[in-house]
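Asks: Sequence isn't available, so here's the structure alone:
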């Protein structure tokens, strides 16, 4: 089950424990992510209400930033590499926010592979590439393999049965 993001809370909705300079904020309601909040040495003199105020201020600031954030997805021009190998991460990583690719059955025993820039990635390699955007969302639009460089018209409706 995917956990929900932390939200502004009251003391009745959370349990706060301390370990050194870090406050662990656990929501009593199941299904919400806990927060490890590194406050520093001043944590020892803070009340739970003080800790919760810091937490809520952070959540409030994140919500304000999200409300004003305008995302412009960068698509690498056709002919330029869309992915590159990161030695530091030991995996393929996208160079932009859009990846044009083809689906193949070229893996062992007809296993699915994904082809990006004439490079065939196993599902494991492709999955690791996607981890670069962990926490983000994505839309997958299937198009004919000779049209992956085009933005298709999208129609919102129930599919024909």
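Replies: Sure, I can see it. None of the values given here were measured: they were computed from a predicted structure.
Asks: which residues does the residue of the chain positioned farthest from its centre contact?
Replies: In the chain, the residue that sits farthest from the middle, by CA atoms, centre = their mean, is residue 45; the gap is 35.1 Å. By CB atoms under 8 Å, 6 or more residues apart in numbering, the contact list for residue 45 is empty. Any C-beta I mention is one placed from the backbone N, CA and C, and that applies to glycine too.
Asks: now do residue 119
Replies: 83, 92.
Asks: so it bridges to which residues?
Replies: Listed beta-bridge partners, residue 119: residue 116 (assigned using DSSP bridges).
Asks: domains for this protein, by residue range?
Replies: Following automatic domain parsing, one finds the domains of the chain at 11-68, 83-147.
Asks: on that earlier part again, for residue 51, see how far away the residue farthest from the centre of the chain is.
Replies: 11 Å (CB to CB, to the nearest Å).
Asks: Spatially central residue for the chain, please.
Replies: Central residue of the chain (CA atoms, centre = their mean): residue 135, 2.0 Å from the mean position.
Asks: doesn't that residue fall inside a strand?
Replies: No: counting by DSSP: H, G, I helix; E, B strand; the rest coil, residue 135 falls outside a strand, being coil.
Asks: Which parts of this structure are strands?
Replies: In the chain, strands defined by DSSP state E lie at 14-19, 22-27, 35-38, 83-86, 91-94, 102-104, 113-116, 119-122, listed in chain order.
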